[in-house]
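Asks: predicted model follows, preceded by the sequence.
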Amino acid sequence: MRRFSRWFTVGLVMSLCLIVFLSLGVSAANTIELTYWTHTDDNRTEIEDRYIAEFTKLYPNVKIKRVVNEGSKMGDLVLTAFSAQNAPDIFNLPIEQQYAYVQHYRVAPVDYKAAGYKDANDLRAQYLDGTFDAVTMDGEIYGLPLELTNWCIYVNKKIFRDAGLDPEKDYPKTWEEIADVSDKIVIREGDIIVRRGFDFRYPYYLVSVLPMIEQLGGKLLSDDGKKAIVNDQAWLKVLEYMRDWGPHGRNLGSPTYTAPRKIWNKDNNDMAMCVSGFYQQGRLRLDNPEFYDSKEWMVIPFPVFKGAVNDVACSYYGHYMMVNAQTSLEKQEMAWKFIAYMLDHPMEYLEKVNIIQPRRDLLESKDFKALPYMDVFMGDMERAHIVFLHENGYQFERFIKEAVESVMLSGVQPQEALDTLRERIQEVLDSEL
Amino acid sequence: MQHNKRFSMEQKKARWGWIFVAPSLLFFLVFSFYPIFNAIYMSFFKKNLLSLKPPEFVGWGNYVYLSHSKTFWQSVSNTAIFTIGTFIPLVAFSLMLAAFIVSRRRFQKFFQMALYSPAALSSVVAALIWLLIFDPRGLANQTLNTLMQTSGVNYHWLSSSSMLRLSTIVVYFWKYVGYFTVVFVAGIGGIPDYLHEAALIDGADSWKDFWHITFPLLKPTTLLVSVMVMIQCLKTFSTQYLFSTSGAPTRPIDVITLNIYNTAIKDHNIGRASAMSVLLFLVMLILTWLQLRIAKTEDVTYN
């Protein structure tokens, strides 16, 4: 009897353990865990954490882990994660980087039904024309836009007046005027510049320098994509302009000085104009509310060269939400549901994060149109195109950077720099990696 | 008893030796040997880091490409300039500073700590600090202008090719001189006092003592330091990476490691990057072997 009761107790305990184990297993099997990698942005973190809480309340079987990485490292981290087959379920990157992921089928097409659309046409109808051109392949759309950004020029009116200029009348409309106005504003101690009129956003050559070449009729690649550098004269003119801009020319600026947009907000009489997106206003409001409210700043359109053959503004770029193609179909479906839920708050993204989602309902709203200098940004958007996209786009941008900086800083002749640039890009095109 | 018969004391020691060594051996196998062999294997393939397609075997193709690539040879030249420019002053000044510190009766620990502190900083933080110093409006120009009694001269620390190379050497020197000084101090401390005392009795002054006693007996330490410095210099990356992404022209400081990074991570060409890594590895291996071989022929002992 005692032996029986001992065996009975052991059997009971084991049965209970089995039940608990199985129930845990069942609940684990029903739980969908999504990993979402994004870049640092405190304002966005605040609202997206709330969206995650709301979404997981709607879908209690879903767990979402939001991982924030430093923006400059995101590209490397996502790339290594994908190459090690250990990538997040959801991620966003600048479209110049994401383009290669689409080309190599590393991301899944949008699950229209899960995202709340009938089909691709229904999705397209909700957004600004051309929004999905960069992420469309074989008729399928591979990402939903978190933001679409273009850059214009922010002007500090006080510095203009200090240099004897009337900001409302004398603001520069051409690149030649940008240089001349900068010459009037610049203050130097010997060779060292202590106040700049304007300076470029140097690492972003595809966004802001390539359009300057296009204004003069140049292109990076021929239309069939097989030949590097179209219209040498256009390239040479821009390279000469940049050489004259640098320390060995008119000494108006250089990549080795602090990035203009970082110091423009401070209103310290050291930077009159910088090129930046609408989001700069949100940062200005946080960094220097007094200057933001002072009405001593304004936004002007991206300049063109005198005699330009194309009226092209600064290219716009985007961050798209994408889903890892190697994750399970169940996860993919839930990921698109979650992305659609987040992106269904375009006004909040605009007000809290200062990023523009190109949704028609937002762009046509009165509140949107009433935002400061939105007409300037939208006007430039109309005369711009999306940033140059190519599987080797980043490589080409590095080559352009080296060409421009070699003429600006190292005394290389524009023709020599252009020949080297052409040779390097052509080699990549010919290698067909 | 049976057990004792089967294993001698030596065998027992050896067995325990293997047990103690096993974790680090496993660590090296996973984190050093596997990547080395994987890089050698990958160097014979054409592979896009993002592509799901299997790698395409190209034999010696990547090596042949590198043999006539201008960019690669530019990187080799940049690495050689950096290594020579850093190696000699770093070894020489570390030794001099160590001799100076050991000769002090007071504040030895303070000097060691002060010199060593930059080594504790991350390379990225160190490069960021120096970026501020080398900014056209920064401390480097101000100091040089004061010393040269000039006004407002921009010495182009981050833009002219030669100054940019010098800047990366300065950062590296500043960061590691203290570390190697401490290694030399430890080496000098290992030389028996009676040798110095005997030299003193024989009438040697401190200069002769250094050249005839300290310096020859420091040879193993000098060898260790020179091998470490050389390997560190050939592997230099963070300073060049941060400078080139902060506005400095890439070409003069495009060292091999930076080229490897850009080829693999930015251009997605992992096969070619692996081939460069293998070549760098071989260069380091050969130079280290050469140093060890030269050092072996000049052994010095005092009985």
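Replies: Sure, I can see it.

Asks: ok, which residues in the stretch 1-150 of chain B are in contact with chain A?
Replies: B:46, B:48-52, B:71, B:134-137, B:141, B:145, B:150 (CB under 8 Å from any CB of the partner chain). (Each C-beta comes from the backbone N, C-alpha and C, glycine too.)

Asks: gap between the spatially closest residue to A:Asp311 that is not a sequence neighbour and A:Val376?
Replies: Spatial nearest neighbour of A:Asp311, chain neighbours left out: A:Arg383 (5.4 Å); criterion: CB to CB, 6 or more residues apart in numbering or on different chains. Using CB to CB, to the nearest Å, A:Arg383 is found at 12 Å from A:Val376.

Asks: neighbours of B:Phe27, how many?
Replies: Each residue near B:Phe27 was counted by other CB atoms under 10 Å in any protein chain shown, and the total is 10.

Asks: that one and B:Val21, how far apart?
Replies: From B:Phe27 to B:Val21 the distance is 10 Å (CB to CB).

Asks: B:Phe281 reaches B:Phe37, doesn't it?
Replies: No - B:Phe281 is beyond contact range of B:Phe37, at 11.2 Å (criterion: CB atoms under 8 Å).

Asks: so between those two, which is more surrounded?
Replies: Neighbours of B:Phe281 and B:Phe37, each counted by other CB under 10 Å, are more numerous for B:Phe281; the result is 14 against 11.

Asks: tell me the secondary structure for that one?
Replies: What DSSP: H, G, I helix; E, B strand; the rest coil gives for B:Phe281 is helix.

Asks: sorry, back to before: pLDDT wise, what is the residue nearest to A:Asp311 at?
Replies: If you check A:Arg383, the pLDDT there is 94.

Asks: contact partners for it?
Replies: By CB atoms under 8 Å, 6 or more residues apart in numbering or on different chains, the residues touching A:Arg383 are A:311-313.

Asks: same list (those residues) but as CSV, adding pLDDT, neighbour count and secondary structure.
Replies: Formatted as CSV, the contacts of A:Arg383 follow (pLDDT from 0 to 100; neighbours: other CB atoms under 10 Å in any protein chain shown; DSSP: H, G, I helix; E, B strand; the rest coil):
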residue, pLDDT, neighbour count, secondary structure
A:Asp311, 96, 10, coil
A:Val312, 96, 20, coil
A:Ala313, 97, 23, coil
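
Asks: for these, which one is nearest A:Thr258?
Replies: Nearest to A:Thr258 among the contacts of A:Arg383: A:Ala313, at 25.5 Å, using CB to CB.

Asks: so who does that closest one touch?
Replies: Contacts of A:Ala313 were listed using CB under 8 Å, 6+ apart, and they are A:150, A:152, A:211, A:301-302, A:380-381, A:383-384.

Asks: who's the closest spatial neighbour of the residue nearest to the spatial centre of chain B, skipping the chain neighbours?
Replies: For chain B, the residue sitting closest to the mean C-alpha position, by CA atoms, centre = their mean, is B:Gln232 at 1.4 Å. Once flanking residues are discounted, B:Gln232 sits nearest to B:Tyr176: 6.8 Å by CB to CB, 6+ apart.

Asks: what do you get for A:Trp245?
Replies: A:Leu252 (5.2 Å).

Asks: and for that neighbour, the neighbour number?
Replies: The number of residues packed around A:Leu252, counting by other CB under 10 Å, is 23.

Asks: do I have it right that it meets A:Arg196?
Replies: Yes - at 6.8 Å, A:Leu252 counts as touching A:Arg196 under the criterion of CB under 8 Å.

Asks: okay, now the unreliable bits of chain B?
Replies: Scanning chain B for pLDDT under 70 picks out the ranges B:1-6, B:297-303.

Asks: what kind of secondary structure is whichever residue of the stretch 51-200 of chain B sits closest to chain A in?
Replies: Per CB to the nearest CB, the residue of the stretch 51-200 of chain B with the smallest distance to chain A is B:Gly152, at 1.5 Å. Secondary structure, three-state DSSP: B:Gly152 is coil.

Asks: what about the strands in the stretch 51-200 of chain B?
Replies: In the stretch 51-200 of chain B, the segments counted as strands under DSSP state E, counting those that start in this stretch are B:56-57.

Asks: where do the helices of it begin and end?
Replies: For the stretch 51-200 of chain B, applying DSSP state H, counting those that start in this stretch gives helices covering B:61-67, B:70-103, B:108-120, B:123-134, B:139-147, B:161-189, B:193-201.

Asks: in terms of secondary structure, what does the fifth one contact?
Replies: Meaning helix B:139-147. Applying 3 or more CB pairs under 8 Å, 6 or more residues apart in numbering or on different chains; DSSP states H and E, one finds that helix B:139-147 contacts helix B:123-134.

Asks: buried residues, the helix it packs on. List them.
Replies: Within helix B:123-134, the residues that count as buried by 16 or more other CB atoms under 10 Å in any protein chain shown are B:123, B:126-127, B:130-131, B:133-134.

Asks: next, the angle helix B:108-120 makes with it.
Replies: Counting by axes from the mean of the first three to the mean of the last three CA atoms, to 10 degrees, helix B:123-134 lies at 100 degrees to helix B:108-120.

Asks: what helices or strands is helix B:123-134 leaning on?
Replies: Checking 3+ CB pairs under 8 Å, 6+ apart, helix B:123-134 ends up next to helix B:139-147, helix B:161-189, helix B:238-245.

Asks: grab the nearest non-local neighbour of the single nearest residue of the stretch 201-303 of chain B relative to chain A.
Replies: Closest to chain A within the stretch 201-303 of chain B is B:Gly247: 3.3 Å, counting by CB to the nearest CB. In space, B:Gly247 comes closest to A:Pro255 once its chain neighbours are excluded; the distance is 3.3 Å by CB to CB, 6+ apart.

Asks: before we move on, what about A:Arg424?
Replies: Excluding its sequence neighbours, the residue lying closest to A:Arg424 (CB to CB, 6+ apart) is A:Phe399, at 4.8 Å.

Asks: from A:Asp224, how far out is the one you found?
Replies: 20 Å.

Asks: circling back to that earlier point, contacting residues for the closest residue to the residue of the stretch 51-200 of chain B closest to chain A other than its chain neighbours?
Replies: Spatial nearest neighbour of B:Gly152, excluding adjacent residues (CB to CB, 6+ apart): A:Gly190 at 1.5 Å. A:Gly190 makes contacts with B:145, B:150-154, as judged by CB under 8 Å, 6+ apart.

Asks: and of these, the nearest to B:Pro192?
Replies: Among the contacts of A:Gly190, and counting by CB to CB, the member closest to B:Pro192 is B:Asn145, at 50.1 Å.

Asks: I'd guessed the closest one sits against B:Val153; true?
Replies: Yes - between B:Asn145 and B:Val153 there is a contact at 5.8 Å, judged by CB under 8 Å.

Asks: of these two, which one has the most company?
Replies: Neighbour comparison, B:Asn145 and B:Val153: the larger count goes to B:Asn145, with 18 against 14 (by other CB under 10 Å).
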